[in-house]
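> heads up, no residue letters with this:
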């Protein structure tokens with residue numbers, strides 16, 4: 001069979017501000033999900049991957065025998081449009097990923113079959129059934145896959161001029177926490193699975209030997225690379241001889257373990273993206289974020305900076321305890337603690353999360369236009385401010401931290417690395433510098 005796998009982009013490259021200005025979205029990166037499916041596909045079949053998030057175009061005349069589409073919630077409208085067009089042309093379409101897994105009946109309106117849960121558990125059976133013309137409507141992953149048996153992604157299907165998509169490597173799957181806004185637990189279950197360290201090392205060595213590792217840099221695409229500290233220490237020790245540079249997502253709890261931080265630095269860690277979420281303890285409690293109090297953040301950030309590791313803070317605005325003061329207080333916190341980068345989203349009650357269930361029950365959802373569930377558009381009724389104020393606050397705070405004075409204060413003051421955080425800030429500054437404040 002000719003199999004055509006698609007990672008859809010957003011339905012629109014822009015979202016509208018409260019005053020109607022078109023604001024571009026930050027860059028999107030798909031990760032290795034479709035590369036894994038390609039690796040799991042028997043060699044008798046031909047697989048082509050098209051990734052709209054890096055500018056590739058879907059070819060509706062590709063001659064595919066089977067079309068597979070993955071989708072997060074905000075990608076769902078675009079994914080459905082692609083699926084509908086292929087089906088109109090008589091093609092068999094299957095869908096998977098977070099959104100179809102959480103809302104299967106909705107997804108089935110647009111495709112011939114869906115895969116619910118981890119694709120590694122369903123894809124081989126789905127492919128065999130499609131080959132023999134006995135495709136079922138639903139393929140359910142009855143149990144979580146053994147992470148030690150997952151193959152390496154097939155990076156030969158990637159055509160990325162930016163050079164980053166081949167640098168993704170996964171070491172763990174899932175997260176040991178259960179934040180109210182997150183879909184990870186819903187999709188992966190209350191588990192945190194560890195990949196054999198020797199397998200991770202072998203994959204990175206292969207990438208280095210075949211010169212696929214751009215800039216000698218690895219992004220570990222884990223939700224929380226230090227969720228199991230003893231495993232993380234073993235991994236970091238094994239990475240030291242490889243002499244790579246790396247970054248990943250991590251919880252703030254890494255700062256509580258001096259040995260773990262030291263090993264992260266010695267193994268080549270240059271930056272950690274940390275979900276700080278809020279500087280308000282009340283908001284952290286609402287989010288079920290039980291990894292410490294906001295008052296402990298400053299000490300933790302100093303500990304990470306002392307190991308020459310940059311901190312990319314991830315913040316959410318719109319918790320029920322937030323009022324209009326949250327924007328300026330968060331900005332002051334970021335600049336005072338010299339966070340090399342900060343990214344802001346508005347609280348987004350994704351299907352499958354605790355917040356979605358609560359807001360839907362209480363009539364607080366403004367709509368279910370999934371394309372606007374993009375972490376930048378307010379889709380619910382906030383408690384202590386109106387939706388327009390929340391959206392403007394998020395935008396204006398982001399614009400302020402992308403000013404040249406703020407960038408210099410934060411990066412120079414952190415006394416870690418200069419090049420990587422500076423390039424990251426400047427690359428995203430262009431999204432904001434041409435637009436006025438208060439839009």
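Done, it's in. Treat the numbers as computed from the prediction; the structure is a model and nothing was measured.
> packing partners of whichever helix in the chain runs longest?
Taking DSSP state H as the criterion, the chain has its longest helix at helix 387-401. Applying 3 or more Cβ pairs under 8 Å, 6 or more residues apart in numbering; DSSP states H and E, one finds that helix 387-401 makes contact with strand 310-317, helix 325-336, strand 341-346, helix 404-414. Where you see a C-beta, it was placed from the backbone N, CA and C, and this is true even at glycine.
> give me the contact list for stretch 346-358.
With Cβ atoms under 8 Å, 6 or more residues apart in numbering as the test, stretch 346-358 has contacts from 73, 98-99, 102-103, 180-183, 186-187, 288, 316-319, 359-360, 364-365, 373-380, 390-391, 394.
> hmm, residue 112 and residue 137 touching each other?
Yes: with contact defined as Cβ atoms under 8 Å, residue 137 reaches residue 112; the gap is 7.4 Å.
> tell me which of the two has more neighbours.
residue 112 (19 against 10; other Cβ atoms under 10 Å).
> and the pLDDT for that one?
Predicted confidence (pLDDT) for residue 112: 98.
> where exactly do the strands run in the stretch 101-250 of the chain?
113-116, 138-140, 168-169, 172-174, 192-194, 217-220, 245-250 (DSSP state E, counting those that start in this stretch).
> so where's the stretch 201-350 of the chain shaky on pLDDT?
289-292 (pLDDT under 70).
> which stretches of it form helices?
Ranges of helices in the stretch 201-350 of the chain, per DSSP state H, counting those that start in this stretch, are 229-239, 258-266, 281-286, 297-306, 325-336.
> out of the strands of the stretch 101-250 of the chain, which gets nearest to residue 9?
strand 168-169 (18.0 Å; Cβ to Cβ).
> give me the mean pLDDT for the closest one.
Per-region confidence: strand 168-169 scores 92 on mean pLDDT.
> same thing with stretch 399-417?
For stretch 399-417, the mean pLDDT works out to 91.
> check stretch 81-99 too.
Mean predicted confidence for stretch 81-99 is 97.
> give me the contact list for that stretch.
So stretch 81-99 is contacted by 6, 8, 11, 33, 58, 60, 64-73, 75-76, 79, 107, 110-116, 119, 122, 126, 130, 135, 183, 187, 351-352, 370 (Cβ under 8 Å, 6+ apart).
> buried stuff in it?
Residues 82-83, 86, 91-99 are the ones in stretch 81-99 that count as buried (16 or more other Cβ atoms under 10 Å).
> which one of those is nearest to residue 405?
Here the nearest of the buried residues of stretch 81-99 to residue 405, counting by Cβ to Cβ, is residue 98; it sits at 38.5 Å.
> how close does that closest one get to residue 373?
To residue 373, residue 98 is 11 Å away according to Cβ to Cβ, to the nearest Å.
> touching both of these two, which residues are there?
In contact with both residue 98 and residue 373: residue 73, using Cβ under 8 Å, 6+ apart.
> thinking again about what came up before, tabulate the strands of the stretch 101-250 of the chain (TSV), appending distance to residue 209 and mean neighbour count.
TSV is the format used below for those (distance: least, Cβ to Cβ, whole Å; neighbours: other Cβ atoms under 10 Å):
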stretch	distance to residue 209	mean neighbour count
strand 113-116	33	24
strand 138-140	36	16
strand 168-169	14	20
strand 172-174	24	23
strand 192-194	25	19
strand 217-220	14	20
strand 245-250	17	22
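> which one of those strands lies closest to residue 277?
strand 245-250 (12.8 Å).
> three-state assignment of residue 382?
coil (DSSP: H, G, I helix; E, B strand; the rest coil).
> ok, back up a step: tabulate the helices of the stretch 201-350 of the chain (a markdown table), appending mean neighbour count and distance to residue 274.
Shown next, in a markdown table, are those (neighbours: other Cβ atoms under 10 Å; distance: least, Cβ to Cβ, whole Å):
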| stretch | mean neighbour count | distance to residue 274 |
| --- | --- | --- |
| helix 229-239 | 18 | 14 |
| helix 258-266 | 17 | 12 |
| helix 281-286 | 18 | 13 |
| helix 297-306 | 18 | 8 |
| helix 325-336 | 18 | 12 |
